[in-house]
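Chemist: 3D model of this:
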Amino acid sequence: CSNGIDDDGDGGTDCGDLDCAYSAGCDCSGDEFEPNDSISMAQILPSGNRFGLTLCPGNDDFYKIVVGLPTTVVVQAQFTHIEGNIDLYFYDTSGDLIDSSLSMDDDEEITFSVPALGQYLIHLTLVGDAGTQTGNYYDIIISY
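Modeler: Below is the predicted model:
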């Protein structure tokens, strides 16, 4: 968990790997997409998987997706709830809330048929931080 290698083949390394994230020496710090703490700082993500991202208390994450035609968008946030509850929100091109996933267990998912091309916004927030480490690690899977 401290060798810079993806030891278990899941795409994460060291503290960014969910299997190692709570090892000694790992603390809540930004990930490769920081700063993305507000709508104006939202980072563009293409369809695909991103592993080992972090949510710290008071530091939400925002992402944009650019959809070229009407399609179904699926957004999944995978995390371990016991380390901190993460909620997921999806906004349209006008900034209006389309859908949210606010469960009280592992993982959140939103599936929505976008009616028009444009930029859509994904927002993740750490609602509760009850784990052994500050913050929580998550993977995000986006398909469209």
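Chemist: ok, for R50, nearest residue in space, not its chain neighbours?
Modeler: Excluding the flanking residues, the one nearest R50 by C-beta to C-beta, 6 or more residues apart in numbering is I140, at 5.0 Å. Backbone N, C-alpha and C define where each C-beta goes, glycine included.
Chemist: that neighbour and V75 touch, don't they?
Modeler: Yes. If you go by C-beta atoms under 8 Å, I140 and V75 touch, sitting 7.1 Å apart.
Chemist: more crowded one of the two?
Modeler: The neighbour count for I140 versus V75, taken as other C-beta atoms under 10 Å, is higher for V75 (25 against 22).
Chemist: host element of the closest residue to that one other than its chain neighbours?
Modeler: Once flanking residues are discounted, V75 sits nearest to I110: 4.8 Å by C-beta to C-beta, 6+ apart. Using DSSP states H and E, I110 sits within strand 108-114.
Chemist: okay, that strand in CSV with CA atoms only?
Modeler: In CSV, the C-alpha atoms belonging to strand 108-114 read as follows (Å, rounded to 0.1, in the frame of the first residue of the first chain):
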residue,chain,number,x,y,z
GLU,A,108,-25.0,5.8,-5.0
GLU,A,109,-26.4,5.6,-8.6
ILE,A,110,-28.4,7.9,-10.9
THR,A,111,-29.8,6.8,-14.3
PHE,A,112,-31.4,9.6,-16.4
SER,A,113,-32.4,10.0,-20.0
VAL,A,114,-31.0,13.4,-21.0
